[in-house]
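In: Fold the following.
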Amino acid sequence: MRALRYTLLSDGGSERALLHVLTWLLRENLSQCAIDSSWADLRRLPHPPSNLSDRICRTLELYPCDLLFVHRDAERASPESRLAEIADALKKARSRIDLPPAVCVVPVRMQEAWLLFDVQAIRKAAGNPNGRAVLNLPRVGDLETKPNPKKLLNELLCRASELKGRHLKRFKRSIAPARVAEFIDDFGPLRDLCAFKKLEDDIKEIVASGGW
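Out: Numbering: from 1, shown residues only. Presented below is the predicted three-dimensional model:
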């Protein structure tokens with residue numbers, strides 16, 4: 001069986017949740033191919049690179065791969081400006097090193113917006129799979145309009161836990177988006193979102209051109 005090794009370079013640690021999204025998308029669009037993933041953790045380096053092109057070069061030195069994903073949350077910037085920023089950094093990196101195929105990952109607002117559609121995954125991540133608290137998740141079509149998906153996800157997880165007092169305070173510090181993502185079996189509903197659809201289209205193009 002063929003194998004594809006990919007690396008995710010992201011803004012921070014919580015974006016490791018995107019590994020579940022990316023692996024799901026690759027499995028949807030690849031046949032008879034084993035998938036191996038790595039998250040580029042540059043935080044523990046003595047002198048972590050600060051600009052994006054340097055981070056890309058260091059990532060590929062430490063986490064060599066067949067396919068590179070570069071993530072930036074749009075946050076207050078437009079997705080187009082983030083995509084241009086990543087494209088420019090990739091161009092600069094390409095002038096210095098051999099670069100594998102690369103895909104930009106730019107959720108509208110924050111990557112947590114892609115985790116706000118699965119009630120059962122949130123209950124499981126909160127450690128209360130049989131909970132009865134009403135969560136009132138946003139409509140999938142509205143996820144890209146939420147101003148602070150990270151805060152909303154944290155609130156939903158706290159509500160789903162049904163914990164109180166000191167127990168809830170400890171829970172808030174320990175929760176992570178990756179715990180929600182790992183309980184989601186099907187990210188298909190996100191195909192209604194422009195940013196997610198673009199990501200899948202870019203993956204399809206890379207897969208076709210790479211012959212995987």
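
In: For G188, the count of nearby residues, please.
Out: By the measure other C-beta atoms under 10 Å, the count of residues near G188 is 11. Placement of C-beta: from N, CA and C, glycine included.

In: Next: A113.
Out: 27.

In: my guess is it meets L143, correct?
Out: Yes: if you go by C-beta atoms under 8 Å, A113 and L143 touch, sitting 4.6 Å apart.

In: what residues do the two have in common as contacts?
Out: By C-beta atoms under 8 Å, 6 or more residues apart in numbering, A113 and L143 have these common neighbours: P149.

In: Do a quick rundown of the helices in this structure.
Out: 18-29, 52-62, 79-94, 119-125, 149-161, 165-174, 177-181, 194-210 (DSSP state H).

In: what's next to the third one, contact-wise?
Out: The contact list for helix 79-94, computed with C-beta under 8 Å, 6+ apart, reads 51-53, 55-57, 60, 70, 72-74, 99, 102, 104, 106, 108, 195.

In: With distance to S37 and mean pLDDT added, can I get the helices of the chain in a markdown table?
Out: A markdown table is the format used below for those (distance: least, C-beta to C-beta, whole Å; pLDDT from 0 to 100):
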| stretch | distance to S37 | mean pLDDT |
| --- | --- | --- |
| helix 18-29 | 5 | 95 |
| helix 52-62 | 13 | 96 |
| helix 79-94 | 19 | 92 |
| helix 119-125 | 19 | 96 |
| helix 149-161 | 22 | 92 |
| helix 165-174 | 23 | 81 |
| helix 177-181 | 12 | 87 |
| helix 194-210 | 13 | 91 |
